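Participant: Need a 3D model of the following:
(one chain, ligands or ions: 1)
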Amino acid sequence: MTAVTAERIAVLISGRGSNAMALVQGCQSGLIQGQVVKVISDQSYASGLQRARSHNIPATCVDATQHADRSSLERALTSSINEAQPTLVVLAGFMRVLSADFLAPYAGRILNIHPSLLPRHRGLNTHARALAAGDAQHGASVHFVTAELDGGPVLSQAQLTVDPSNTASMLSERVLALEHRLLPATVALLSQETVELDHETILINTTALAAPLRLGVDLSDGGTLLSDANCR
Ligand code: GRF
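Facilitator: All right, here's what the predicted structure looks like:
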């Protein structure tokens, strides 16, 4: 078990890549002690590729349509990721379920951002589902990726109060604004503290994390995520 660091970050996307850009900005501002070394998309039309290039970040498409099956695509993704020698892989709007074989070499150093307060609303259409369920709170989670869809241990969360008059698209915009703060703040934490994954348990400075770290919407951007209350 080795601690995950943010020195070299590879980001996998499928679309506009706004969370990838939030990481790039987090690195450029000095919040994150590291750099985004590569952005990889599985979709050639992903606008996030161009956005990354405009920030001089190497960006590549591993085109899903050019691969007959999942294992062929995953081999190509592995090779593209490994070329960049990342210490951390971040799935940010990467719309694909990855196999256990693909994930094994990245165990403990691959994170995903998901637009709900996990374990609520795994999978798609989280905002419409939160509204339909009458949830009072909704938000976003950063979790370690395992082969179980949106099921890996949750490292951090940010939440907001649902306005029932919001449409799913309004709620999505509000949550996305949270994601853009939560993701860089969480990745920054990897340089400030020793974060390890021991099977299903997240250790922060060797102490098991009892509940996800919380980023309150009322905190300023400089607010710290880590609180002793989160550790047992
Ligand atoms: C985000 O809401 C992310 O949580 C979800 O897909 C969206 C991607 O947005 N998985 P972007 O591509 O980062 O702009």
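Participant: Next, count neighbours for the residue in the chain positioned nearest to the ligand.
Facilitator: Using CB to the nearest ligand atom, the closest approach of the chain to the ligand is made by residue 93 at 2.6 Å. Every residue, glycine included, has its C-beta placed from N, CA and C. A count of nearby residues for residue 93, using other CB atoms under 10 Å, gives 23.
Participant: pLDDT on stretch 188-195, on average?
Facilitator: Stretch 188-195 comes out with an average pLDDT of 95.
Participant: Would you indicate which residues of it are buried?
Facilitator: 188, 189, 190, 195 (16 or more other CB atoms under 10 Å).
Participant: Pick the one among those closest to residue 107.
Facilitator: In terms of CB to CB, no member of the buried residues of stretch 188-195 lies closer to residue 107 than residue 195, at 13.4 Å.
Participant: so the closest one bridges to which residues?
Facilitator: Beta-bridge pairing for residue 195 (DSSP bridges): residue 204.
Participant: give the contact list for it.
Facilitator: Listed by CB atoms under 8 Å, 6 or more residues apart in numbering, the contact partners of residue 195 are 3, 4, 155, 189, 202, 203, 204.
Participant: Just put those residues in CSV and tack on secondary structure.
Facilitator: Shown next, in CSV, are those (DSSP: H, G, I helix; E, B strand; the rest coil):
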residue, secondary structure
3, coil
4, coil
155, strand
189, helix
202, strand
203, strand
204, strand
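Participant: Name the nearest of those residues relative to residue 119.
Facilitator: Checking the contacts of residue 195 one by one against residue 119 (CB to CB), the nearest turns out to be residue 155, at 13.8 Å.
Participant: and the closest one, how many neighbours?
Facilitator: 24.
Participant: And for the one 4 residues further on?
Facilitator: For residue 159, the count of nearby residues is 21 (other CB under 10 Å).
Participant: Distance check, the nearest residue to it once chain neighbours are set aside against residue 121.
Facilitator: In this structure, residue 159 finds its nearest non-sequential neighbour in residue 139, 3.5 Å apart by CB to CB, 6 or more residues apart in numbering. Distance from residue 139 to residue 121, counting by CB to CB, to the nearest Å: 10 Å.
Participant: quick one: which of those two has more around it?
Facilitator: A direct count of neighbours by other CB under 10 Å for residue 139 and residue 121 places residue 139 higher, at 27 against 21.
Participant: Three-state assignment for that one, please.
Facilitator: Per three-state DSSP, residue 139 ends up strand.
Participant: can you pull the contacts of the closest residue in space to residue 190 that isn't next to it in sequence?
Facilitator: Distances taken as CB to CB, 6+ apart place residue 6 nearest to residue 190, at 4.4 Å, with adjacent residues excluded. Applying CB under 8 Å, 6+ apart to residue 6 gives the contacts 32, 33, 34, 87, 88, 187, 188, 190, 191.
Participant: try it again with 7 Å
Facilitator: Taking CB atoms under 7 Å, 6 or more residues apart in numbering, we find residue 6 in contact with 32, 33, 34, 87, 88, 187, 190, 191.
Participant: one step back: which residues lie in contact with the residue nearest to residue 159 in this structure?
Facilitator: Residue 139 neighbours (CB under 7 Å, 6+ apart): 117, 157, 158, 159, 160, 175, 178.
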